[in-house]
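J.: Please find the sequence and the predicted model below.
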Amino acid sequence: MAEENIKMIEAQNDMMWFEGSPMAVCAVRLALDVPTGEVFTTAKWMSLKAGVVQSIVFDVICYDAVRKPLNRMTNMRFDHIDARRNTSFGYELRVEVPDINTRNVEYVLRQVIYADGTQWVNAGDQRFDTRLEQENIYTVQGGYNKQFREICTRSGIDGMNLVLQPVFEPDHWLCACGAFNWADEENCSQCKVNKAWLQKSTDLTLLQQIKERE
């Protein structure tokens, strides 16, 4: 169906995650197919762990305009995904919404099945409740950004890909290239930059010292 025949009801573009989840939701939209009058939702998923995702099982909770639950579609399933780590999928896969009064939807990941037969199960009905946010690295570093680029050059690292301020949390870290990594991973799963080097090289105190020496 052509995009001009689609009327957007709601669009969410935040990357959402919950602790321990092997998947993140990068975007969610709720839309009306004007010619048919059908309401549908789609979500962009991203795999965060090694392995090839073959299938996912999820629920979709539908809410009205005042966030009152209308219904919950359970055990929805996508198969034959073949998604590797750091790749997104699913935004083109429609889930039809039964109630035309739906104005907001929430996805609940129930199960992830990998190509090698291993599975992850959401045993506690955990919800996507953590927004993974990063500022532009120049915005954070300001005038010290030049010193960081010079550190990259001296270290033989392509700093052109490191455009976001890294985030280091107890259970995960976000690389300056934007990739999600688990706390025990010493190198970025996407660009392979070293975690300890990144922590040190983006430290504002160090960058200030370098600038003062210059």
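T.: In hand now; what should we look at?
J.: Name the residues of stretch 66-81 that come out as buried.
T.: 70, 73, 78, 81 (16 or more other CB atoms under 10 Å). The way it works is simple: take the backbone N, C-alpha and C, and place the C-beta from them, glycine included.
J.: which SS state does the last one fall under?
T.: In the three-state summary, Ile81 is assigned as coil, counting by DSSP: H, G, I helix; E, B strand; the rest coil.
J.: Can you give me the neighbour number for the nearest residue to it once chain neighbours are set aside?
T.: Closest residue to Ile81 apart from its sequence neighbours, by CB to CB, 6 or more residues apart in numbering: Val53 at 5.1 Å. By other CB atoms under 10 Å, 25 other residues sit near Val53.
J.: pretty sure Ala176 contacts Val163?
T.: Yes. Assessed by CB atoms under 8 Å, Ala176 is found in contact with Val163 at 6.8 Å.
J.: okay, and the common contacts of those two?
T.: Each of Ile137 lies in contact with both Ala176 and Val163 under the rule CB atoms under 8 Å, 6 or more residues apart in numbering.
J.: Report the beta-bridge partners for the residue nearest to Ile81.
T.: With DSSP bridges applied, Val53 shows beta-bridge pairing to Ala83, Tyr114.
J.: Spit out the contact partners of the residue nearest to Phe89 when sequence neighbours are not counted.
T.: Closest residue to Phe89 apart from its sequence neighbours, by CB to CB, 6+ apart: Ala83 at 4.6 Å. By CB under 8 Å, 6+ apart, the contact list for Ala83 reads 45, 47, 52-53, 89.
J.: What subset of those is buried?
T.: 45, 47, 53, 89.
J.: Which pLDDT value belongs to the third one?
T.: On the pLDDT scale, Val53 is placed at 98.
J.: Can you find the helix or strand in this protein with the smallest mean pLDDT?
T.: helix 204-213 (a mean of 80; mean pLDDT, DSSP states H and E).
J.: and Ala196, how many neighbours?
T.: Residues near Ala196, counting by other CB under 10 Å: 9.
J.: Please, which helix or strand holds it?
T.: helix 195-201 (DSSP states H and E).
J.: so for that helix, what's the average pLDDT?
T.: Rounded mean pLDDT across helix 195-201 is 96.
J.: Report the buried residues of that helix.
T.: Applying 16+ other CB under 10 Å to helix 195-201 flags 195, 198, 201 as buried.
J.: JSON lines please, covering those residues and showing distance to Asp59.
T.: Formatted as JSON lines, those follow (distance: CB to CB, whole Å):
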{"residue": "Lys195", "distance to Asp59": "35"}
{"residue": "Leu198", "distance to Asp59": "37"}
{"residue": "Ser201", "distance to Asp59": "42"}
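J.: what's the spacing between Val57 and Asn86?
T.: The spacing between Val57 and Asn86, counted by CB to CB, to the nearest Å, is 22 Å.
J.: Could you identify the most distant pair in the buried residues of stretch 66-81?
T.: Using CB to CB, the two most remote members of those are Leu70 and Ile81, lying 27.9 Å apart.
J.: sorry, back to before: tell me which of the buried residues of stretch 66-81 fall in helices.
T.: Using DSSP state H, no member of the buried residues of stretch 66-81 falls within helices.
J.: Out of these, flag the one nearest to Cys191.
T.: Ile81 (24.1 Å).
J.: list the contacts for Lys195?
T.: 168, 173, 181, 185-188.
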